[in-house]
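Enquirer: take this sequence and fold it.
(2 chains)
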There are 2 protein chains.
Amino acid sequence: MSVSGKTAAIIGGGVIGGAWAARFLLNGWDVRLFDPDAEAERKMAEVLGNARHALPMLYETALPAEGTLSHVETIADAVTGVDWIQESVPERLDLKHKVFAEIEAATGVQTPIGSSTSGFKPSELGEGAVNPGRIFVAHPFNPVYLLPLIEVVPGPGADLGVIEKAEGLLRSVGCYPLRVRAEIDAHIADRFLEAVWREALWLVKDGIATTEEIDNAIRYGFGLRWAQMGLFETYRIAGGESGMAHFIAQFGPCLEWPWTKLMDVPELTDDLVKQIADQSDAQSGALSIRELERLRDNNLVAMMRALKGQGAAVGKLIAEHEGTLAKPAADGALVRSVDRIVPVDWTDYNGHMNESRYGQVFSDAADAMMKLVGADTAYIDSGKSYFTVDSRIRYLNETLAGQRIHVDSQVLEGKGKKYRVFHRMKNEAGEELATGEQLMIHVDLTTRSSSVPEASVLENLEALAAAHARLPQPDPSEVL
Amino acid sequence: MSVSGKTAAIIGGGVIGGAWAARFLLNGWDVRLFDPDAEAERKMAEVLGNARHALPMLYETALPAEGTLSHVETIADAVTGVDWIQESVPERLDLKHKVFAEIEAATGVQTPIGSSTSGFKPSELGEGAVNPGRIFVAHPFNPVYLLPLIEVVPGPGADLGVIEKAEGLLRSVGCYPLRVRAEIDAHIADRFLEAVWREALWLVKDGIATTEEIDNAIRYGFGLRWAQMGLFETYRIAGGESGMAHFIAQFGPCLEWPWTKLMDVPELTDDLVKQIADQSDAQSGALSIRELERLRDNNLVAMMRALKGQGAAVGKLIAEHEGTLAKPAADGALVRSVDRIVPVDWTDYNGHMNESRYGQVFSDAADAMMKLVGADTAYIDSGKSYFTVDSRIRYLNETLAGQRIHVDSQVLEGKGKKYRVFHRMKNEAGEELATGEQLMIHVDLTTRSSSVPEASVLENLEALAAAHARLPQPDPSEVL
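Expert: Numbering: from 1, shown residues only, chains lettered A, B, ... in the order given. Below is the predicted model of the structure:
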């Protein structure tokens, strides 16, 4: 029995069905997978490998023990006695109807049956079913094990008890069920995706932009906005204090201009403008435009820094620009090893820098001290580096997001394999925020054991240590 | 003289012009701003406030000293002798022509003149100019001080020397100039934005979804994908190993279906399919689909965790789901204070957990120990907490992204204002990765000075300390 005590039946593996299976398994459900494809086990293993890598990383605590995956031979074997049935077979209505008939022949009439269909409406899916009321669209987004959105579309004769129970189960595995108010071809998101896809095809065909240029036009601009606020809240901010109705009034006339090749446009009646403005007020009216701007900017900064950490997308651009900025210089005899702003992703909800980020600042200071003696990226790539084996931080004062901080560093010991450094972190007013110390040992990255540095590094280190020995030393109470 | 030695003229303040000014200023340029609006200084100060908060946070090093902002009375005062002229006046062609004429009367003919226009083509902007070749579209995206994308559209008679120089200047202030291959109404991104806007208006009008539901359909799903890869690279992955042409062949027929209200569609000739597939190969062909999947997933995990840190958008959903997961339980007498997976945003490019994240794990362990004695969120909200004043970390072994780690914690001292804890971090094999220690002092958050805890917390603390005193103690060499 799984941790959750629950079992899902997945009909149709592949990228979508396999990822559904992975989400259930990693949330402690057992899964029975039916897919007649001879390659089904291999495909499932690949998707599960990706999901095991990614999904647990979202959480600061371990997920439940993984459930058990069984590959079964028949639909009846898959669906008997389960809590959820998810259909992800190819987009042919006759095939889906055949699957639903087999499911109905094998199970009671109350188990929720979700369909991953992109295009079919639930009324179409339910044609000919004994109980069409428990067949609904549960449309996920790739990668299904990471993105939480599930468009839930009940049919006209839906059993709302089943639908609500289904939405609860989706939430329990970390999904976000978005109930679509009326069935419609392609639900909600795919309508946008298709509109953009059509427009993008025109741009390529007409030689305006390549596929890469189009992707860059999205991911270096509005894609980042949409990832955190979507369309309407973003435009609400653009409308400013005068509000959403004002924004629409400004933007409205453009709809009449020949900007896209996709020209069908609803008439912007007063009623429609009021409807949108009222919905936008209900959605975001609790916050002023200034507050929304700050939220947007903090979200963007955090996401852009996250991508910088991955060396990807917009983060790569920022890192390249950073490479052109002047490096902090030595300030007298001590080394100005860090000089920066405290970013929002380093702080608690009151804006104070988290304890753990003091450690990050001192770790960055140690990196700068390594570079200073020649243990730089090229040196590390050559197979040698320094590892910290012991460290101390004394926390003296607090600091806030947006504050500028700097670190002055001093070599306490630089001899053989040992490199011991001491740091004072200060704010712009010169107040000491913390002291830090690291004992670093030189290592051979191949064997991952200690070794003597290259001669040039050792020479730099000993010269720096000798110079710093002549400076005032920290008090014995400050060091390890 | 500014740090960069450069000056920009900004014609038209407001949200867009003001943010252009802010980006130049924060990159060490002087800026002269012309805007006849009586509110111009107030508006500029607000935008600059936002930019000063956000832009410097993107970097791990300080930006150059901020340039000087001057509000000037005439266009001639603004543009004389500058390195860049940016026009951001309202979207009326006659007004823009008037501005360009005044600029041309005051400056030499080589200074780049960028226009922030969303809709006008450079050939329209340049009508009647003495040197239309240096007038081009430089279309930014809100918030201009953060998002790097600038659509650069030269007119048919453009001076390409000026354009290339302009692109270099844009890069020097952290922008990404995207050269548009041919002028077209609304350039590239706004064509997508308008197509989606039209479709969204239909959905609201037809009662399919509210503005908030539409935003959620974007930001909990494809918005996150687009923020890092855009459209074509995402679909390349969906096409799998069989490639982009295969994906289009699958998706193609949908274009004929009535999924959107926006129906104009280019014919998918073999030539167009080949053109897209070839461009996609050039863009992403160096990586296999498996590699692209891993990149996508790592980017998504990092961005989703960043939003979790902000308590915003998809991050709020993940935190809510995390709240339903079982908490680590006490393991015998020691406290299992942390039990988690090492996420990709905690590691270097070789996948090793960064030194500074050991500190984060121990900081999380200390938080768990605080909660255990009743110093939880409600207690902190009531105005009392513990602050770390001294800490030590001994680094013993390495660990990798994706590894499960846990921490067992022991109280060394729990009396009056003092709470001293010791931690052993281990991997699943039971190997010790590090030890950590914190001396925490109880503080009154109002005065931010030390104080005695509430009676209930003190009682819990003393009982726990007494129980842990009977357990084996760490070796003296392991502690401060």
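
Enquirer: I'd assumed A:Asp390 was in a strand, is it?
Expert: Yes - checked against DSSP: H, G, I helix; E, B strand; the rest coil, A:Asp390 lies within a strand.

Enquirer: what strand or helix carries the closest residue to it other than its chain neighbours?
Expert: Leaving out its chain neighbours, the residue that sits closest to A:Asp390 by CB to CB, 6 or more residues apart in numbering or on different chains is A:Leu439, at 4.4 Å. Using the backbone N, CA and C atoms, a C-beta is placed for each residue, glycine as well. Under the criterion of DSSP states H and E, A:Leu439 resides in strand A:432-444.

Enquirer: what about the helices in the stretch 1-150 of chain A?
Expert: Ranges of helices in the stretch 1-150 of chain A, per DSSP state H, counting those that start in this stretch, are A:14-26, A:40-54, A:75-79, A:93-106, A:122-125.

Enquirer: now swap in the stretch 251-400 of chain A and tell me
Expert: Taking DSSP H, counting those that start in this stretch as the criterion, the stretch 251-400 of chain A contains helices spanning A:270-284, A:289-310, A:313-323, A:355-372, A:377-381.

Enquirer: rewinding a little: after the strand holding A:Leu439, next one along is what?
Expert: For strand A:432-444, the following helix or strand on the C-terminal side (DSSP H and E) is strand A:449-450.

Enquirer: in the stretch 201-350 of chain A, where is pLDDT below threshold?
Expert: For the stretch 201-350 of chain A, the stretches with pLDDT under 70 are A:241, A:250-266, A:328-332.

Enquirer: ok, back up a step: just so I know, which of the helices of the stretch 1-150 of chain A lies nearest chain B?
Expert: Closest to chain B of these is helix A:40-54 (CB to the nearest CB; 4.2 Å).

Enquirer: show me what the closest one is packed against.
Expert: Counting by 3 or more CB pairs under 8 Å, 6 or more residues apart in numbering or on different chains; DSSP states H and E, the packing neighbours recorded for helix A:40-54 are helix A:14-26, strand A:69-72, helix B:289-310.

Enquirer: which residues sit against it?
Expert: Helix A:40-54 has contacts (CB atoms under 8 Å, 6 or more residues apart in numbering or on different chains) with A:13-15, A:18-19, A:21-23, A:25-26, A:33, A:35, A:37, A:66, A:69, A:71, A:143, A:145-146, B:290, B:293-294, B:297-298, B:300-301, B:402.

Enquirer: from these, which would you call buried?
Expert: A:13-15, A:18-19, A:21-23, A:25-26, A:33, A:35, A:66, A:69, A:143, A:145-146, B:293-294, B:297-298, B:300-301, B:402 (16 or more other CB atoms under 10 Å in any protein chain shown).

Enquirer: okay, now the closest residue to A:Gln360 other than its chain neighbours: neighbour count?
Expert: Distance criterion CB to CB, 6+ apart; nearest residue to A:Gln360, sequence neighbours excluded, is B:Ser356 at 3.7 Å. If you count neighbours by other CB atoms under 10 Å in any protein chain shown, B:Ser356 ends up with 20.

Enquirer: give me the domain ranges for chain A.
Expert: Residue ranges for each domain of chain A read A:7-179, A:189-294, A:327-478, as given by automatic domain parsing.

Enquirer: worst average pLDDT in the ones you listed?
Expert: Of all those, the minimum mean pLDDT falls on domain A:189-294 (a mean of 82).

Enquirer: got a list of what the residue nearest to A:Gln360 touches?
Expert: A:Ser356, A:Arg357, A:Gly359, A:Gln360, A:Phe362, A:Ser363, A:Asp364.

Enquirer: now the domains of chain A in CSV, with distance to B:Val452?
Expert: Below are the domains of chain A laid out as CSV (distance: least, CB to CB, whole Å):
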stretch, distance to B:Val452
domain A:7-179, 31
domain A:189-294, 37
domain A:327-478, 20
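
Enquirer: quick one, which of these gets closest to B:Leu325.
Expert: B:Leu325 sits nearest to domain A:7-179 of all the domains of chain A, at 5.6 Å, using CB to CB.

Enquirer: circling back to that earlier point, neighbouring strands - and their directions - for the strand holding A:Leu439?
Expert: Using DSSP bridges, strand A:432-444 pairs in its sheet with strand A:384-395 (antiparallel), strand A:418-427 (antiparallel), strand A:449-450 (antiparallel).

Enquirer: what's the closest of those to B:Thr388?
Expert: Taking CB to CB, strand A:384-395 is the member of these nearest to B:Thr388, at 5.3 Å.

Enquirer: angle of that closest one against helix A:355-372?
Expert: Put simply, strand A:384-395 runs at 140 degrees to helix A:355-372, going by axes from the mean of the first three to the mean of the last three CA atoms, to 10 degrees.

Enquirer: isn't A:Met229 up against A:Asn299?
Expert: Yes - at 7.4 Å, A:Met229 counts as touching A:Asn299 under the criterion of CB atoms under 8 Å.

Enquirer: what touches both of those two?
Expert: Residues touching both A:Met229 and A:Asn299 (CB under 8 Å, 6+ apart) are B:Ala313.

Enquirer: ok, now which ones touch the residue of the stretch 301-450 of chain A found nearest chain B?
Expert: Nearest residue of the stretch 301-450 of chain A to chain B (CB to the nearest CB) works out as A:Gly359 at 3.1 Å. By CB under 8 Å, 6+ apart, the residues touching A:Gly359 are A:Ser391, A:Ile393, A:Gly436, B:Glu355, B:Ser356, B:Tyr358, B:Gly359, B:Gln360, B:Ser363, B:Ile393.

Enquirer: apply 7 Å and report the result again.
Expert: Each residue near A:Gly359 by CB atoms under 7 Å, 6 or more residues apart in numbering or on different chains is listed here: A:Ile393, B:Ser356, B:Gly359.

Enquirer: A:Arg424 too?
Expert: Going by CB under 7 Å, 6+ apart, A:Arg424 touches A:Val407, A:Asp408, A:Glu432, A:Thr435.

Enquirer: how close does the closest residue to the last one other than its chain neighbours get to B:Ile393?
Expert: Think A:Thr435. Sequence neighbours aside, A:Arg394 is the residue nearest to A:Thr435 in space, at 4.8 Å (criterion: CB to CB, 6+ apart). Taking CB to CB, to the nearest Å as the measure, A:Arg394 falls 13 Å from B:Ile393.
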